[in-house]
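S.K.: pasting the sequence and the predicted model now:
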Amino acid sequence: MKYLFIILIALLPTLAYAGQAKDLAEDPVLEQRMVHLAKNLRCLVCQNESLASSRADLAKDLRQEVREKMKQGMTDQQIIDFLVSKYGDFVLFDPPMQRNTILLWYGPFALLLIGLAGLVYQLRKRRKAVPEVHLSDEEAQRAAALLNEPKEPQK
Amino acid sequence: MTRFWPFLAFVVLVIFLYIGLGLDPHEIPSPLINKPAPAFTLPQLYNPAKQFSSEDMKGKVWLLNVWASWCVSCREEHPVLMELSQQHIVPIYGLDYKDKNPDGEAWLREGGDPYTLVVTDANGRVGIDFGVYGVPESYVIDKQGVIRYKQIGAITHENLQQKILPLIAELQSK
């Protein structure tokens, strides 16, 4: 009787069936495709997380939306276009090249060019700031005398 | 002069950082502005057997307010909507987003019901169509069914007076 009780207790955890993550196993190929796509999409709620990794409610809904669109036979690009049409370019982790992102894409290079131009300008100015010095005869002799002085014996 | 350059650069940097602080990263401009509002047909909150279609609103300027009983900022916004509804300027339609009907009804009993009609979007599908990513959100939709303005976050007296009401008056006069 005692052993039966123990066995029953030991079996209790099997009752704790978790009905979660069902949609994951439904179609592993589709799921992989969805995750691959969602990795490059931004979750709008927790903005530095991807749609694939976010646990926000909206991210969950959007993943489901992506799954269903894939089942309907939409291509990845069509799904991305759909999400951009609803949420804007913000959902893309990789912002597209367009008029309002020119500064984003080329700004750093522009800054680099400005820096280089500044450097060249400064170097030229410095060369001008140290003019060629013409020595008078007297000075030249003195300089020669100084330069020709016997060196001190090295220790 | 040259010794002031670093200081000048510092000032410019401070200005940029200051502007950056003032921007709200949660306000993402909606691509739906000046585009036709997504059409939807949804069950009504008080009478789920009855459907409401956004097509019925053609010819009217209206405000679509997305809310939920679980939404904290909606409580802040609610008194403003109550006031607005009493002025009878514009019909306010509520979209109860990802909510349970009894919860939504209880919430409106408690705080008052500013809405001409409330529809429910239990699974958030229509929300996705409208690009909803945080509640509350409100849309001003014109007579042609085009979204003219989106308020992200709570409607306050300030943005109501400064933006929403002038826009509604302009759209209604067209």
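M.R.: Great, that's in hand.

S.K.: scan chain A for its longest helix.
M.R.: helix A:102-129 (DSSP state H).

S.K.: and that one, average pLDDT?
M.R.: When pLDDT is averaged along helix A:102-129, the result is 91.

S.K.: quick one: A:Asp76 and A:Leu37 touch, right?
M.R.: Yes: contact criterion CB atoms under 8 Å: A:Asp76 and A:Leu37 qualify, at 5.4 Å. No exception for glycine: its C-beta is placed from N, CA and C like everyone else's.

S.K.: specify the local secondary structure of A:Pro96.
M.R.: Classification of A:Pro96 using DSSP: H, G, I helix; E, B strand; the rest coil returns coil.

S.K.: burial measure for it, as a count.
M.R.: Neighbour count for A:Pro96, taken as other CB atoms under 10 Å in any protein chain shown: 10.

S.K.: host element of the residue sitting nearest the centre point of chain B?
M.R.: Most central in chain B under CA atoms, centre = their mean is B:Ser138, positioned 1.2 Å from the mean C-alpha point. Taking DSSP states H and E as the definition, B:Ser138 sits inside strand B:137-141.

S.K.: contacts for that strand?
M.R.: B:37, B:57, B:61-66, B:130, B:147-153, B:155, B:164, B:167-168, B:171 (CB atoms under 8 Å, 6 or more residues apart in numbering or on different chains).

S.K.: stretch B:153-164 now?
M.R.: Applying CB under 8 Å, 6+ apart, the external contacts of stretch B:153-164 come out as B:26-27, B:63, B:65, B:73-74, B:76-77, B:80-81, B:84, B:134, B:136-138, B:140, B:149, B:151.

S.K.: and the buried ones among these, selectable in PyMOL?
M.R.: Here is the PyMOL command that selects only those of the contacts of stretch B:153-164 that count as buried (16 or more other CB atoms under 10 Å in any protein chain shown):
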select buried, chain B and resi 63+65+74+77+80+81+84+134+136+137+138+140+149+151
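
S.K.: next, count neighbours for the closest residue to A:Lys69 other than its chain neighbours.
M.R.: Leaving aside its chain neighbours, A:Lys69 sits nearest to A:Ile79 (5.0 Å; criterion: CB to CB, 6 or more residues apart in numbering or on different chains). When neighbours are defined as other CB under 10 Å, A:Ile79 has 22 of them.
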